[in-house]
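Visitor: dropping a prediction and its sequence here:
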Amino acid sequence: SAGARCTDGQLANWQTDVMELAFERGLVPLVYGDTVLDTVRGGTIASTEELFGWLVPVLQPVRIVLAGV
């Protein structure tokens, strides 16, 4: 989520090129909710589900595994 940016609590942009490269190399990136810079609030929390909502249309994964503790 380091490349993500929010605007007033909503995910506005996420640079996914590094994640795409990981997939091309056969790696499985781990995605999890995290603090994200926010242009209005300074910082906010982007949930795992919100991040998946951004990634699915962009990366079109075959499978997503959601694990919790």
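Guide: On my side now, so go ahead.

Visitor: ramachandran angles for the most centrally placed residue in the chain?
Guide: The chain has L51 as the residue nearest its centroid, 3.7 Å off, counting by CA atoms, centre = their mean. Backbone geometry at L51, expressed as degrees, to the nearest 10, gives phi -60, psi -40.

Visitor: skipping its backbone neighbours, what lies nearest it in space?
Guide: V31 (5.3 Å; CB to CB, 6 or more residues apart in numbering). C-beta here means a position set from N, CA and C on the backbone, and glycine is covered the same way.

Visitor: likewise W14?
Guide: A4 (4.3 Å).

Visitor: mind listing what the one you found touches?
Guide: 11, 13-15, 34, 36-37, 46, 51, 54 (CB atoms under 8 Å, 6 or more residues apart in numbering).

Visitor: just those residues: which are in helices?
Guide: With DSSP state H as the criterion, helices contain 51, 54 from among these.

Visitor: buried ones among the contacts of A4?
Guide: 11, 14, 36, 46, 51, 54 (16 or more other CB atoms under 10 Å).
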